[in-house]
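>>> Pasting the sequence and the predicted model now:
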Amino acid sequence: MLQPIELEALKREEDLVPQAILNMRLSDLVRRFDGKLFESQDDLDFYEGVAFSLNGLRFALMHYGRHPEGTVTIYLPFALRDIKAITDTISRIVTELDLPRRAIKWQRSDDPSL
């Protein structure tokens, strides 16, 4: 079950890495779940995002201003580095978000060398 958590606290405590891109608007996901949309700016760009815990796994859903409209990036902790584990985690998140598999535009297993 998804539990909303504080995005900025997660970003302070974890190094987050983009591991998948979804064909979905962040605002649509936030409406469906009880997450608090956070807006801010970092060294890269303006962004909006939300964070959740899923059975102890903490992750963020974010959209940066320069990213294509209608996309959301899933950020996972840097410590999660095994491609199979990342792929399984993305699958769990997509299932928990009640999204079809076709919602995944890209994921780390598509290009593990990145």
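Yep, it's here. Numbering: from 1, shown residues only.
>>> Following the helix or strand harbouring residue 84 in sequence, what is the next regular element?
Element membership of residue 84 [criterion: DSSP states H and E] is helix 83-96. Later in the chain than helix 83-96, the nearest helix or strand by DSSP H and E is strand 104-107.
>>> What strands line up against that following strand, and which way round?
Strand 104-107 has its sheet partners listed here by DSSP bridges as strand 16-23 (antiparallel).
>>> picking that back up, against which helices or strands is the helix holding residue 84 packed?
strand 16-23, strand 46-54, strand 57-64, strand 71-77, strand 104-107 (3 or more CB pairs under 8 Å, 6 or more residues apart in numbering; DSSP states H and E). Where you see a C-beta, it was placed from the backbone N, CA and C, and this is true even at glycine.
>>> since we're on the residue lying closest to residue 55 once chain neighbours are set aside, how many residues are nearby?
What sits nearest to residue 55 in space, not counting adjacent residues and going by CB to CB, 6 or more residues apart in numbering, is residue 1, at 7.6 Å. Counted with other CB atoms under 10 Å, residues neighbouring residue 1 total 7.
>>> Over to residue 90?
Residue 90: 20 surrounding residues under other CB under 10 Å.
>>> Give the closest residue to it in space, chain neighbours not counted.
residue 20 (4.7 Å).
>>> who's the most centrally placed residue in the chain bridged to?
What sits nearest the mean C-alpha location of the chain, by CA atoms, centre = their mean, is residue 74, with 2.1 Å. Following DSSP bridges, residue 74 is listed with bridge partners residue 20, residue 61.
>>> For the helix or strand of the chain with the lowest mean pLDDT, name the packing helices and strands.
Using mean pLDDT, DSSP states H and E, helix 26-32 stands out as the lowest-scoring helix or strand of the chain, at a mean of 88. Under the contact definition 3+ CB pairs under 8 Å, 6+ apart, helix 26-32 sits against strand 46-54, strand 57-64.
>>> Okay then, goodbye and thanks.
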